[in-house]
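Q: I'd like to go over a predicted model; first the sequence, then the structure.
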Amino acid sequence: QVQLVESGGGLVQAGGSLRLSCVASGRTFTRVAMGWFRQAPGKEREFVGFVSRGGTTNYANSVKGRFSISREDAKNTVYLQMNSLKPEDTAVYYCAASLRIGVLIRDYEFDYWGQGTQVTVSS
């Protein structure tokens, strides 16, 4: 089992930045890949980005160049740095953990989920 707790969400103006954190507990953190997803009102949950156990990252086209993911294994934490935020980035952001290997972008490839944190970007 892996328990995930996100933090760092809030209200920010367009063009601003936020950093989300996700702390994992339970299973050895170094054995899981981590992902970030988001869900806007009335929309399906969508992939944002992913970091493998070895540190390889992959991003959705909509956030590429603006968002970055990093992990700090010593703190069992993964981060989502969000820059140049746009109103369309408004959503509940979820971190997720996976025991699978490879490049993971589908929500069904992730085994554990956090409760989500709200990000609101005003225009």
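A: Yep, that arrived.

Q: name all residues that make contact with residue 113.
A: Counting by Cβ atoms under 8 Å, 6 or more residues apart in numbering, residue 113 touches 4, 94-97. Every C-beta, even on glycine, is put in place using the N, C-alpha and C of the backbone.

Q: residue 36 belongs to a strand?
A: Yes: remark: residue 36 belongs to a strand, assigned using DSSP: H, G, I helix; E, B strand; the rest coil.

Q: spatially nearest residue to the residue nearest the centre of the chain (excluding sequence neighbours)?
A: Against the mean C-alpha coordinate of the chain, by Cα atoms, centre = their mean, the closest residue is residue 36 at 2.3 Å. Once flanking residues are discounted, residue 36 sits nearest to residue 48: 4.2 Å by Cβ to Cβ, 6 or more residues apart in numbering.

Q: would you mind measuring from the one you found to residue 74?
A: According to Cβ to Cβ, to the nearest Å, residue 48 and residue 74 sit 24 Å apart.

Q: neighbour count winner among the two?
A: residue 48 (24 against 8; other Cβ atoms under 10 Å).

Q: my guess is that one meets residue 60, correct?
A: Yes: under the criterion of Cβ atoms under 8 Å, residue 48 makes contact with residue 60 at 5.6 Å.

Q: now the buried members of the contacts of residue 113.
A: Buried subset of the contacts of residue 113 (neighbour count, 16 or more other Cβ atoms under 10 Å): 4, 94-97.

Q: mind giving me CSV with these and columns for pLDDT, distance to residue 69 and secondary structure?
A: CSV is the format used below for the buried ones among the contacts of residue 113 (pLDDT from 0 to 100; distance: Cβ to Cβ, whole Å; DSSP: H, G, I helix; E, B strand; the rest coil):
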residue, pLDDT, distance to residue 69, secondary structure
4, 96, 14, strand
94, 98, 13, strand
95, 98, 10, strand
96, 97, 12, strand
97, 96, 13, strand
